[in-house]
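>>> Predicted coordinates and the sequence they were generated for:
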Amino acid sequence: MEQRIPSFAMSLVMFSFIVAILGVSILAFGTAPHIPIVIAAIIVALYGLKLGYTWKELEKAVTKGVSHGVPAILILSLIGILIGIWVLNGTVQTITFYGLHILSPSIFLVSAVIITAVIATMTGSSWSAISTIGIALMGVAYGMGISAAMTAGAIVCGALFGDKMSPLSDTTNLASATAKVDIFDHIKHMLWTTIPSLVITLIIFGVISFMTTQESANTSNVEAMIATLESEFPITPATLISPLLIIILAFKRVRSIPALVIGIAAAAATAFYTVPGVTLREIMNTAHFGYTAETGEEAIDSLLSIGGLDSMLFGVSLILIALSFGGIIKEIGIAYAAINGIRNFLQSRGNVVLATVLSCLGVNVSVGEQYLSIILPGQMLEDSYKNANLHPKNLSRTLEDAGTIIHPLIPWGVTGVFIMSTLNIGMGYIPYAFLCFISPIIAIIYGYTGFSLTPLNEKVVDYEEKLIEKDA
């Protein structure tokens, strides 16, 4: 049977179905995303068979989709191991202890955004920032009685801002390369949307902190937590070697997996120094099953009973299922057909920018893959920007404003799964990830007003020529 390309109308029907089943199941019924995605995948696969695809072809698409997520699965697993050992050797306790002394509840959420943003900019990785300083900030939040969901939202906002602004970031490089724009021109152009988004985000968190500090912060609870941490666990700068080492390696552009392996080795070695009588067997069991705190202090026991490979299996299974589904979506061309169909309606600059935002959102929701949400809309809409007399750096900026920034809001997306698993938080962080909502809205406003949009008649730097010059 000959394969057929999905029609624009049918691609919208399938996309609406995907959104409906996931939205109702997750938001209305409160179920985990796994089974709704499996159901959606079955329906889409059946549609693929109707289009003429064989089961063998769809099976290969699933395998290919999952293969893209193998690095993320390995990273997630290693972070689970790392967190367990960090609690065992006292890393989390030490950072929490110092954080409770230094940070003030009245500015904590604002501080969380700024601190995480600095780390993410330095390392070029939102994941590195979330899995190091992010975990520590969650501990401080527990001690101060500040909402874990709000804190996670602040951490995500800071991490995403730093990731976007860093020339070391993979998504920043990908967006500029997809649109064929010099990376520093791309970053400079992003300031028009990213800085206002950050300022608004900081104002919102500042207002929230001002309104809730008196109700949430309890000085006696903080003092009790500090006392328990000091008496029950090793509080020493030596425990900070592992996280600092990971941050330095990330800054040096060492790949995530070897950097985490080195961090795990350093944390395990530190445990022999900080934990009297600890055995290799205890370290290995903690790496697998996580750490269980039994101090009698409820807040501390809740905070420190985390980590281990087992704790990441929920996220790993979700990544496997979501990327399998994404592989089928990509194979039968639903996302391609939808984006291709809307190109006929792109007669104005505002519509071109709006279409880019919606395309990035659509790919993120349906496929759950960040890189594809940048590459596919970027390739499909490149000519539309030229026809609208818009410089390619407008495209690269919008790809980040929507593709990179929106991705953490998707619970079944790779980054969404990472956030929930690493910070030990459910989907409650999503409403507080203000930057992720504000940035695409600003991009759309700029599109229709023309503010900060660069016309095509400005000299376009040949991206490929610059690469050749750099290599030479």
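Received the coordinates, thanks.

>>> what mean pLDDT does the longest helix along the chain have?
Determined from DSSP state H, the single longest helix within the chain is helix 183-216. For helix 183-216, mean pLDDT rounds to 86.

>>> counting contacts, what elements does the very next helix or strand once past that helix pack onto?
Using DSSP states H and E, the helix or strand that follows helix 183-216 in sequence is helix 219-232. Contacting helix 219-232 under the criterion 3 or more C-beta pairs under 8 Å, 6 or more residues apart in numbering; DSSP states H and E are the following elements: helix 91-102, helix 135-144, helix 298-304. The way it works is simple: take the backbone N, C-alpha and C, and place the C-beta from them, glycine included.

>>> so how far is the helix or strand following the longest one from its chain's centroid?
Translated: helix 91-102. Downstream of helix 91-102, the first helix or strand assigned by DSSP H and E is helix 108-123. Offset of helix 108-123 from its chain centre (C-alpha atoms, centre = their mean, to the nearest Å): 14 Å.

>>> and what of stretch 196-210?
Relative to its parent chain, stretch 196-210 has a centroid offset of 20 Å by C-alpha atoms, centre = their mean.

>>> who touches the residue nearest to Ile319 when sequence neighbours are not counted in this structure?
Distances taken as C-beta to C-beta, 6 or more residues apart in numbering place Gly69 nearest to Ile319, at 5.0 Å, with adjacent residues excluded. By C-beta atoms under 8 Å, 6 or more residues apart in numbering, the residues touching Gly69 are 319-320, 323, 414.

>>> List the contacts of stretch 283-303.
Residues outside stretch 283-303 that contact it (C-beta under 8 Å, 6+ apart): 80-81, 83-85, 87-88, 92, 96, 138-139, 142-143, 221, 224-225, 228-229, 232, 264, 268, 271, 304-311.

>>> Let me see the mean pLDDT of that stretch.
If you average the pLDDT over stretch 283-303, you get 85.

>>> Go through it and flag the buried ones.
283, 286-287, 290-291, 293, 297, 299-300, 303 (16 or more other C-beta atoms under 10 Å).

>>> one step back: of the contacts of stretch 283-303, select the buried ones using a ChimeraX command.
Of the contacts of stretch 283-303, the buried ones can be selected in ChimeraX as follows, counting by 16+ other C-beta under 10 Å:
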select :80,81,83,84,85,87,88,92,96,138,139,142,143,221,225,228,229,232,264,268,271,304,306,307,308,309,311
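
>>> quick one, phi psi at Ser305?
Per-residue torsions, Ser305: phi -90, psi 70 (degrees, to the nearest 10).

>>> what residues are up against it?
Residues in contact with Ser305, defined by C-beta under 8 Å, 6+ apart, are 290-293.

>>> what's the burial count for the closest residue to Thr404 other than its chain neighbours?
Closest residue in space to Thr404, ignoring its immediate chain neighbours: Thr171 at 4.6 Å, by C-beta to C-beta, 6+ apart. The number of residues packed near Thr171 is 25, by other C-beta atoms under 10 Å.

>>> tell me the angle of the host helix or strand of Thr171 relative to helix 183-216?
If you go by DSSP H and E, Thr171 is part of helix 170-178. Helix 170-178 runs at 150 degrees relative to helix 183-216, counting by axes from the mean of the first three to the mean of the last three C-alpha atoms, to 10 degrees.

>>> Extract the C-alpha set from helix 170-178 and format it as CSV.
Output of helix 170-178 as CSV, limited to C-alpha atoms (Å, rounded to 0.1, in the frame of the first residue of the first chain):
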residue,chain,number,x,y,z
ASP,A,170,23.4,23.5,22.9
THR,A,171,19.9,25.0,22.2
THR,A,172,21.3,28.5,21.7
ASN,A,173,23.8,27.1,19.2
LEU,A,174,21.2,25.0,17.5
ALA,A,175,18.7,27.9,17.1
SER,A,176,21.4,30.1,15.6
ALA,A,177,22.6,27.4,13.3
THR,A,178,19.1,26.4,12.1
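
>>> now for it, which elements pack on it?
Taking 3+ C-beta pairs under 8 Å, 6+ apart as the contact cut, helix 170-178 packs with helix 148-165, helix 183-216, helix 370-380, helix 392-399.

>>> Quick check: the farthest pair among the contacts of Gly69?
Spatially, the most separated pair among those is Leu320 and Val414, at 10.8 Å (C-beta to C-beta).

>>> And the closest residue to Ala224 other than its chain neighbours, how far from Phe325?
With sequence-adjacent residues excluded and distances taken as C-beta to C-beta, 6+ apart, Ala224 is closest to Glu297, at 6.8 Å. Distance from Glu297 to Phe325, counting by C-beta to C-beta, to the nearest Å: 42 Å.

>>> likewise Thr194?
For Thr194, the distance to Phe325 - C-beta to C-beta - is 31 Å.

>>> just to revisit the earlier point, buried residues in the longest helix of the chain?
Of all the residues in helix 183-216, those buried under the rule 16+ other C-beta under 10 Å are 183, 185-187, 189-190, 192-194, 196-198, 200-202, 204-205, 208-209, 212-213, 216.

>>> Ok, stretch 104-111 next?
Buried residues in stretch 104-111, counting neighbours by 16+ other C-beta under 10 Å, are found at 105, 108-111.

>>> what's the spacing between it and its chain's center?
Relative to its chain's centre, stretch 104-111 lies at 22 Å (C-alpha atoms, centre = their mean).

>>> for stretch 395-415, same thing?
8 Å.

>>> For that stretch, measure first residue to last.
Stretch 395-415 has its terminal residues 23 Å apart, counting by C-alpha to C-alpha, to the nearest Å.

>>> likewise stretch 270-290?
Terminal residues of stretch 270-290 are spaced 17 Å apart (C-alpha to C-alpha).

>>> distance between that stretch and the chain's centre?
30 Å.

>>> can you check stretch 314-333 too?
Counting by C-alpha atoms, centre = their mean, stretch 314-333 is centred 17 Å from the centre of its parent chain.

>>> That one - what's its average pLDDT?
On average, the pLDDT along stretch 314-333 is 84.

>>> what comes up buried for that stretch?
Neighbour counts using 16+ other C-beta under 10 Å place 315-316, 318-333 of stretch 314-333 among the buried residues.

>>> what do you get for stretch 154-169?
Going by neighbour count (16+ other C-beta under 10 Å), the buried part of stretch 154-169 is 154-166, 168-169.

>>> and the two most separated of the buried residues of stretch 283-303?
Among these, the pair separated by the greatest distance (C-beta to C-beta) is Ile283 and Ala299, at 25.5 Å.

>>> quick one: low-confidence ranges for this structure?
Residue ranges of the chain with pLDDT under 70: 1-3, 213-221, 299, 343-344, 458-472.

>>> still on that earlier bit, save the contacts of Ser305 as a markdown table, and put in distance to Ser421 and secondary structure too.
Converted to a markdown table, these look like this (distance: C-beta to C-beta, whole Å; DSSP: H, G, I helix; E, B strand; the rest coil):
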| residue | distance to Ser421 | secondary structure |
| --- | --- | --- |
| Gly290 | 12 | coil |
| Tyr291 | 16 | coil |
| Thr292 | 18 | coil |
| Ala293 | 19 | coil |
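
>>> Right, I'll call it a day here.
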